[in-house]
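S.K.: Quick one: sequence plus predicted model below, questions after.
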Amino acid sequence: MDDVESLNLAALSGVHRLSKLSFYAYLRLAGRYILLDAGSALGFGCGPLVVARRDFPGLEGARLAIPGELTTAHLLFRLWSDADVAVHVARFDEILDGVASGRFDAGLIIHEGRFVYPRYGLERLVDLGEWWEAETGLPIPLGCIAMRRDAGDDDASAADFSNIIRSSVRHAFDCPEDSRDFVREHAQEMDEEVTRQHINLYVNDFTLDLGENGRRAIRTLEDMARCRGILGPA
């Protein structure tokens, strides 16, 4: 169990056979990893936010904290803005404190940060999920589960793992109390209402199966990144 950017970086070296990845990391590593149909985080109204203090003068030249170079949040920011910012990588759970204290001018926040940033006296500059939805009309692809391609019978193994994850998620939908203690033990934000909102927002039907709409969203993200020169040619 680790921060998603730590998992992204581990995937560059093929450390884990099966791992959670940001979709940006997956797109960078698609030649070496297979995307599973189950376990992904896509949806509407769940995108990363750029936040800042009330006296924020603007993005140009700002010190921007991001949760990782390979996070989908970072990719979305690059697609949205051409501002010349000084990027600082910080753990996702350290960004709000960093912006509130003045260490950073603005922060790109993910996960449960979208529910709690007002507590830090911060304001939202942009919801990158809203921007994405307005541009594409599609769910925003954030994270996925991927398997290394050297894991034997790739197609069969990927299908088996997808079925296991799908069964687990279905059980969690049907019996949410069964995972409550585990979630409470590992949640970064310990407020139970925030944790509930987090799960309800990021775990949905796309987690059970990407479906055609989910796959189209991933293709669109890849196409936009290639058109902007962020990803190389296919």
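M.R.: All right, it came through fine.
S.K.: pLDDT weak spots in the protein?
M.R.: For the chain, the stretches with pLDDT under 70 are 151-153, 188-190, 234.
S.K.: Now for the chain: which helix has the highest residue count?
M.R.: The single longest helix within the chain, with elements called by DSSP state H, is helix 154-174.
S.K.: Quick check: phi and psi at the residue positioned nearest the centre of the chain.
M.R.: The chain has residue 142 as the residue nearest its centroid, 3.7 Å off, counting by Cα atoms, centre = their mean. Backbone torsions of residue 142, given as degrees, to the nearest 10, read phi -110, psi -60.
S.K.: surely it meets residue 23?
M.R.: Yes. Here residue 142 reaches residue 23: they are 6.3 Å apart, a contact under Cβ atoms under 8 Å. In short, each C-beta sits where N, CA and C put it, glycine included.
S.K.: that older thread, show the contacting residues for the residue nearest to the centre of the chain.
M.R.: Shown in contact with residue 142 (Cβ atoms under 8 Å, 6 or more residues apart in numbering): 22-23, 40-43, 46-47, 72-73, 110, 202.
S.K.: Repeat the analysis, applying 10 Å as the threshold.
M.R.: 4, 22-24, 40-43, 46-48, 71-73, 76, 110-111, 129, 202, 206, 221 (Cβ atoms under 10 Å, 6 or more residues apart in numbering).
S.K.: Just the ones of these in strands?
M.R.: Using DSSP state E, 22, 41-43 are the members of these that sit in strands.
S.K.: Out of these, which comes closest to residue 15?
M.R.: residue 22 (15.5 Å; Cβ to Cβ).
S.K.: Neighbours of that closest one, how many?
M.R.: For residue 22, the count of nearby residues is 28 (other Cβ atoms under 10 Å).
S.K.: any idea how far it lies from residue 6?
M.R.: 11 Å (Cβ to Cβ, to the nearest Å).
S.K.: Give me the common contacts of the two.
M.R.: Counting by Cβ under 10 Å, 6+ apart, the residues touching both residue 22 and residue 6 are residue 68.
S.K.: Which positions within stretch 99-108 qualify as buried?
M.R.: 99-100, 104-108 (16 or more other Cβ atoms under 10 Å).
S.K.: ok, now stretch 70-81?
M.R.: Using 16+ other Cβ under 10 Å as the test for burial, stretch 70-81 gives 70-79, 81.
S.K.: from those, which ones fall inside helices?
M.R.: Among these, the ones falling in helices (DSSP H) are 72-79.
S.K.: Please convert those residues to CSV, extending it with distance to residue 225.
M.R.: Below are these laid out as CSV (distance: Cβ to Cβ, whole Å):
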residue, distance to residue 225
72, 10
73, 13
74, 11
75, 6
76, 10
77, 12
78, 8
79, 7
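S.K.: Which member of those residues is positioned nearest residue 198?
M.R.: For these, the nearest to residue 198 is residue 73 (15.4 Å; Cβ to Cβ).
S.K.: quick one: contacts for the nearest residue to that closest one once chain neighbours are set aside?
M.R.: Spatially, and ignoring its direct neighbours in sequence, residue 73 is nearest to residue 48 (3.7 Å; Cβ to Cβ, 6 or more residues apart in numbering). Counting by Cβ under 10 Å, 6+ apart, residue 48 touches 66-67, 71-77, 80, 92, 107-111, 113-114, 126-129, 131-132, 140, 142.
S.K.: Tell me which other helices or strands the longest helix of the chain touches.
M.R.: strand 18-22, strand 33-35, strand 140-148, helix 205-208 (3 or more Cβ pairs under 10 Å, 6 or more residues apart in numbering; DSSP states H and E).
S.K.: Right, I'll call it a day here.
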